[in-house]
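>>> how would this look folded up:
(one chain, ligands or ions: 1)
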Amino acid sequence: MDMSSNSPVVTDPISISPPLLGGLTSNLMSFSVMSGGCSSPGMSAGRRTIEEVLVNGLLDAMKSSSPRKRHNLAFGQDNSPDEDPAYSAWLSKCPSALTSFKQIVASARGRKIAVFLDYDGTLSPIVDDPDKAFMSPVMRAAVRNVAKYFPTAIVSGRSRKKVFEFVKLKELYYAGSHGMDILTSVSEHNTGKCKEANIFQPACEFLPMIDEVFKSLLEVTSGIEGASVENNKFCISVHYRNVAEKDWKVVARLVNEVLEAFPRLKVTNGRMVLEVRPVIDWDKGKAVEFLLQSLGLNDCGNVIPIYIGDDRTDEDAFKVLRERNCGYGILVSQVPKDTDAFYSLRDPSEVMGFLNSLVRWEKHSQWQKQKIQ
Ligand SMILES: O=P(O)(O)OC[C@H]1O[C@H](O[C@H]2O[C@H](CO)[C@@H](O)[C@H](O)[C@H]2O)[C@H](O)[C@@H](O)[C@@H]1O
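Residues are numbered from 1 along each chain as shown. Sure thing, here's the model as predicted:
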């Protein structure tokens, strides 16, 4: 893929349908959002209907965005995934990467593994306050070890700067803002010096717009208890995890109203979060392809990429690996989900177990090679 000549920036917003609610509800495809101000008493009935459809579509997506663990009605407790027949059935389609570890590494034999890691919900547990999604020291040690043996990248919806502040490992590659801000420079382990720094930011021209929308979203949601807005540089997160469910529709309406004037931005949904981002042909999947190419890891015969993530946005990366028929997506989930991943892990502690197993396996392989020589 020639990234230099292939600009992901879509310059003609008219050709994008729908500009808002990108990928959320296909039945909304025929509606286009008119630019202009907020709802007003003088607004036509047709226009109000369109708005209502959009807001309800957004609300539906919000409700379905984070399936909760099944509730055991008999005991009033959450079922553990082990006891959940639906989860067990799903595991036959998307087996545990821990129990399938031998198959995974067997297919990697003779090839270099490249590791791609999402951050929230993968390396850190999901918590109510996005600013407190810290990574544990043992998880950091596991990622540091992985990076000693395999090229390793973090691919996050957070801004690159923020995710680096959480991870704090200079020896990794970082793709922030859902892959719209990629840094491919790595410090040498011993000297700490940066070898070569390359930054790829395909949505640069959207920065002023994102800043403007961030301020508007901050202002309009300030009266909603529990709502928070996070500036992720090339995208914005509107969090509703701490908002009472009765107020979710208000959040949907406000986001919709602000974005009416910005047809070149769209909304996708993650785990209790609405993510506002440019309508460009770029996502975590494209970021993984870009990283593989720019790091010289694009040869499927020699490299096997493994991508671990928990969110809908990670599906773009799983899909790329599946379509290339090269490498494995691993979905972190405690509930059955439709996914393009090949394998699954339940939670960040299993992710850590998997990363540690990779390191042990690689150490052992190296030791065996030395023994033979
Ligand atoms: O791609 P990721 O690294 O997974 O980032 C996706 C979003 O993650 C964060 O939000 C999520 O985690 C929070 C902390 O656990 C949680 O409070 C929130 O409900 C989750 O949606 C981050 O704050 C967002 O900006 C990212 O877009």
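
>>> OK, contacts around the spatially closest residue to Tyr173 that is not a sequence neighbour?
Spatial nearest neighbour of Tyr173, excluding adjacent residues (Cβ to Cβ, 6 or more residues apart in numbering): Ala153 at 3.9 Å. Quick note: C-beta positions are derived from backbone N, CA and C, even for glycine. By Cβ atoms under 8 Å, 6 or more residues apart in numbering, Ala153 lies in contact with 114-117, 172-175, 288, 291.

>>> now with 7 Å?
Neighbour list for Ala153: 116, 172-175, 291 [criterion: Cβ atoms under 7 Å, 6 or more residues apart in numbering].

>>> doesn't Val359 make contact with Val105?
No: with contacts counted by Cβ atoms under 7 Å, Val105 stays clear of Val359, the gap being 11.5 Å.

>>> How about the longest helix belonging to the chain and the ligand, touching?
Ranked by number of residues, the top helix in the chain under DSSP state H is helix 348-372. No: Helix 348-372 does not reach the ligand (Cβ under 6 Å from any ligand atom); its nearest approach is 10.4 Å.

>>> Which neighbouring elements make contact with that helix?
If you count contacts as 3 or more Cβ pairs under 7 Å, 6 or more residues apart in numbering; DSSP states H and E, helix 348-372 packs onto helix 137-149.

>>> How far does the helix it packs on sit from its chain's centre?
20 Å (Cα atoms, centre = their mean, to the nearest Å).

>>> for stretch 125-140, same thing?
Between the centre of stretch 125-140 and the centre of its chain there are 16 Å (Cα atoms, centre = their mean).

>>> Check stretch 121-139 too.
Centre-to-centre, stretch 121-139 and its host chain are 14 Å apart (Cα atoms, centre = their mean).

>>> likewise stretch 264-280?
That offset, for stretch 264-280, works out to 11 Å (Cα atoms, centre = their mean).

>>> For that stretch, which residues meet the burial criterion?
With burial defined by 16 or more other Cβ atoms under 10 Å, the residues of stretch 264-280 counted as buried are 264-280.

>>> re earlier: closest to the ligand among the contacts of Ala153?
When the contacts of Ala153 are compared for distance to the ligand (Cβ to the nearest ligand atom), Ala175 comes out closest, at 9.6 Å.

>>> pretty sure that closest one belongs to a strand, no?
Yes: Ala175: assigned to a strand according to DSSP: H, G, I helix; E, B strand; the rest coil.

>>> what's the neighbour count on it?
25 (other Cβ atoms under 10 Å).

>>> and it, what pLDDT?
Predicted confidence (pLDDT) for Ala175: 98.

>>> do the same with the one 3 residues further on
According to the prediction, His178 has pLDDT 97.

>>> That one and the ligand, how far apart?
Going from His178 to the ligand by Cβ to the nearest ligand atom, to the nearest Å gives 7 Å.

>>> just checking, that residue touches Ile280?
No: the criterion here is Cβ under 7 Å, and His178 misses it with Ile280 at 10.4 Å.

>>> Going by residue numbers, what spans are helices in the protein?
Taking DSSP H to define them, one finds helices in the chain at 45-64, 85-93, 101-108, 137-149, 160-167, 207-221, 248-259, 284-294, 315-324, 348-372.

>>> Which strands or helices does the fifth one pack on?
When you say that, I think you mean helix 160-167. On a contact count with 3+ Cβ pairs under 7 Å, 6+ apart, helix 160-167 meets strand 173-176.

>>> strands paired with the strand it packs on, and their directions?
With DSSP bridges as the test, strand 173-176 is paired with strand 152-155 (parallel), strand 181-183 (antiparallel).

>>> Can you pull the residues of this protein lying near the ligand?
Proximity of the chain to the ligand, by Cβ under 6 Å from any ligand atom, involves residues 118-121, 126-128, 130, 133, 156-158, 230, 232, 237, 239, 241, 270-273, 275, 311, 313.

>>> Separate out the buried members of those.
For those, a burial check counting by 16+ other Cβ under 10 Å picks out 118-121, 126, 130, 133, 156-158, 230, 232, 237, 239, 241, 270-273, 275, 311, 313.

>>> so which of the helices of the chain comes closest to Ile182?
Closest approach to Ile182 among those (Cβ to Cβ): helix 284-294, 6.0 Å.

>>> just the angle between that closest one and helix 315-324, please?
Counting by axes from the mean of the first three to the mean of the last three Cα atoms, to 10 degrees, helix 284-294 lies at 60 degrees to helix 315-324.

>>> residues of stretch 81-100 that come out buried?
Using 16+ other Cβ under 10 Å as the test for burial, stretch 81-100 gives 81, 84, 87, 90-91, 94, 97-98, 100.

>>> quick check, nearest of those residues to the ligand?
Nearest to the ligand, judged by Cβ to the nearest ligand atom, of the buried residues of stretch 81-100 is Ala97 at 17.8 Å.
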